[in-house]
Structures are given as structure tokens and as C-alpha cells.
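[1] My questions concern the predicted model and sequence given below.
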Amino acid sequence: MAEVVSVNISEKKGTRKREVPEIQLKLRHGIVGDAHAGDWHRQISLLAEESVDKMRALLPQLQPGAFAENINTAGIELKSLPIGTCLRLGETVVEVTQIGKECHSDCEIKRITGKCVMPTEGIFAVVVKEGTVRRGDPIEIIQGEAV
């Protein structure tokens, strides 16, 4: 079963996110208290723990949020989800809006290792149904079902 491994926020852009016990998702906003929140198409970033593990082979000390991801997942291949896919994360629902992104020129991980997984394996989403997301919440792909 797919699940949420960690939830992470940062109050300032350009800083690593830190793990928190829970996050609040708000419509047309994203995550309450996160620097990347706002009425745009990349309200929330998700990255599979399996992707992070590839980089831990090079940097074993990597912590949740090291790639500026809001939600780490396990048991679901995020990068293969088509844009428009809806995911139930605990009591919330998000819609995938973008797969990957250009890596920041000052990406510390890329500078040290020569590569970064977020540009090709991270995904972005907007909030469709508000609520709370916590570590351990189940993740389910919703297809043709009312949110």
C-alpha cells in the first residue's frame, strides 16, 4: 500500500524544508505556512522515498525535505503518473499538474553529486480537497470518482 512517509515545510524560499508532524492543505493556496504556497500550479511538491534512496547511496545523510519536497511517499511511482491524476492523501485530494522541474542553479545536492532526482522524478500538484496530511496516511489514485 502506498503511504505518506513525511510532510515537510519551509517558511522561506531557497531553504531546505523541515519535517513536521502534519500539514494543512487549503484550496487555491497549497500548504498553510509553506513558502511555496499560493494560487498557482505548483502548490505542493511530492517525491518518492525510492527516488531519495537513489541519492542516499551518494549522500547517506539526506533528510526529508532535502530536495525542497513537501511530501515524501512510498509505494507509488510518482513520475509515471499523468498530469491530471488525482491522489487521495489521507483526508485530502490533490491533482498532479507538473512532472519534474528545472533544478535550481545553486542546488547543493547537484553540486556535490553531479545529479539531482527532483527535476525528473518529483511531481507537483494543486489542492482539490482541503484537510490534514500526516506521516503514515494512505495514498490512493482516484479515477473517475467524486472527490
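    Thanks, I have it.

[2] can we go C-alpha only for contacts and neighbour counts from here?
    Noted.

[3] then stretch 23-31 to PDB, C-alphas only?
    Provided in PDB are the C-alpha atoms of stretch 23-31 (Å, rounded to 0.1, in the frame of the first residue of the first chain):
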ATOM      1  CA  ILE A  23       0.400  19.900   7.200                       C
ATOM      2  CA  GLN A  24      -2.800  21.700   6.400                       C
ATOM      3  CA  LEU A  25      -3.900  21.800   2.700                       C
ATOM      4  CA  LYS A  26      -6.000  24.700   1.600                       C
ATOM      5  CA  LEU A  27      -7.900  25.300  -1.700                       C
ATOM      6  CA  ARG A  28      -6.300  27.800  -4.100                       C
ATOM      7  CA  HIS A  29      -3.400  28.100  -1.700                       C
ATOM      8  CA  GLY A  30      -1.500  24.800  -1.000                       C
ATOM      9  CA  ILE A  31       0.200  24.200   2.400                       C
END
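
[4] Give me the mean pLDDT for that stretch.
    The pLDDT scores in stretch 23-31 average 97.

[5] show me the contacts for the nearest residue to residue 1 once chain neighbours are set aside.
    In space, and not counting its chain neighbours, residue 1 is closest to residue 75: 6.1 Å by Cα to Cα, 6 or more residues apart in numbering. The contact partners of residue 75, by Cα atoms under 8 Å, 6 or more residues apart in numbering, come to 1, 2, 3, 48.
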